[in-house]
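Undergrad: Sequence first, predicted model second:
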Amino acid sequence: MIQERARRTREHVLDAAAEEFARHGYANTVLQTVATRIGMTKGALYAHFPSKEDLAHALLQHFADAWDDIRAAWGDLDRPAPATLLAAALSLARRLESDVRMRAALRLFADGGIATDRGARTLSEIRDCLAALARRGQEEGVILASYAPDRIVRLLLAVAWGAPYAPGAPALDDRLSPLEEDWAMLLDLLSPHPQLALHAREDAP
């Protein structure tokens, strides 16, 4: 019972810290504010995380674990590359919308100064995996070859990571959520054959 209570408290601390990091960044997050959010003293918080850096590292680890989950959920990588690319990008964007710890980790990456080897590897894995899918899409003739794969990935990640902060807009296609519609339009823009992009969207989960 005591261990379960400690686990729940640790989770509350992480969520409170994630809210602060996501909103204010690493430098401007104050542990007393984190503790106050959940009705703790700062001393009690230190029993779970001895420093602000430890909290940040736990959130970066969460980001890496979440990426592993997203990657495992893609399923069959033998599907056409655009369908897999769309599935990957939507998974990232949806997770960022729903998971404040993911958003906090992204802010920590953007701020710099706080990093872990696992976190750095995770970012490289995301870029490399998406770039490989973009390159395969170009070889399949369904993604424009005039853009370097790494530039396509930068665009995809900019949309995925910015999605939680983008203002809502009415969807043009009521079969799609606004987020899915954004990705559908982006896929059309990247495709020399929009009809092929349409089929890729239909194949994506």
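TA: Looks like it came in fine.
Undergrad: Which parts of this structure are helices?
TA: Ranges of helices in the chain, per DSSP state H, are 2-24, 31-37, 42-48, 52-73, 81-98, 100-111, 117-139, 149-162, 178-190, 194-203.
Undergrad: okay if I get those as CSV plus mean neighbour count and mean pLDDT?
TA: In this view, the C-beta of every residue, glycine as well, is placed from N, C-alpha and C. Below are the helices of the chain laid out as CSV (neighbours: other CB atoms under 10 Å; pLDDT from 0 to 100):
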stretch, mean neighbour count, mean pLDDT
helix 2-24, 16, 89
helix 31-37, 16, 93
helix 42-48, 14, 90
helix 52-73, 17, 89
helix 81-98, 21, 79
helix 100-111, 22, 87
helix 117-139, 17, 84
helix 149-162, 18, 80
helix 178-190, 19, 66
helix 194-203, 16, 47
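Undergrad: my read: residue 119 touches residue 63, true?
TA: Yes. Residue 119 lies in contact with residue 63 (CB atoms under 8 Å); the separation is 6.5 Å.
Undergrad: what do these two both touch?
TA: Shared contacts of residue 119 and residue 63 (CB atoms under 8 Å, 6 or more residues apart in numbering): 105, 109.
Undergrad: ok, the most centrally placed residue in the chain - contacts?
TA: In the chain, the residue lying closest to the centroid (CA atoms, centre = their mean) is residue 92, at 4.2 Å. Going by CB under 8 Å, 6+ apart, residue 92 touches 70, 126, 157, 160-161.
Undergrad: now those residues as a markdown table including distance to residue 143?
TA: Listed next are the contacts of residue 92 as a markdown table, based on distance: CB to CB, whole Å:
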| residue | distance to residue 143 |
| --- | --- |
| 70 | 21 |
| 126 | 18 |
| 157 | 16 |
| 160 | 16 |
| 161 | 20 |
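Undergrad: which of those residues lies closest to residue 144?
TA: residue 157 (17.7 Å; CB to CB).
Undergrad: Surely that closest one and residue 127 touch.
TA: Yes. Proximity of residue 157 to residue 127 meets the contact threshold set by CB under 8 Å, at 7.5 Å.
Undergrad: Tell me how far the closest residue to residue 99 other than its chain neighbours lies from residue 147.
TA: Using CB to CB, 6 or more residues apart in numbering and skipping residues adjacent in sequence, the residue nearest residue 99 is residue 66, 6.7 Å away. To residue 147, residue 66 is 28 Å away according to CB to CB, to the nearest Å.
Undergrad: Figure out how far stretch 55-68 is from the centre of its chain.
TA: 11 Å (CA atoms, centre = their mean, to the nearest Å).
Undergrad: what's that stretch in contact with?
TA: If you take CB under 8 Å, 6+ apart as the criterion, stretch 55-68 is touched by 13-14, 17-18, 21, 26, 31, 34, 49, 95, 99, 101-102, 104-106, 108-109, 114-116, 118-119, 121-122, 125-126.
Undergrad: mind redoing it with 6 Å?
TA: Identification of contacts with stretch 55-68 by CB atoms under 6 Å, 6 or more residues apart in numbering yields 17-18, 49, 95, 101-102, 104-105, 108, 114, 116, 118-119, 122.
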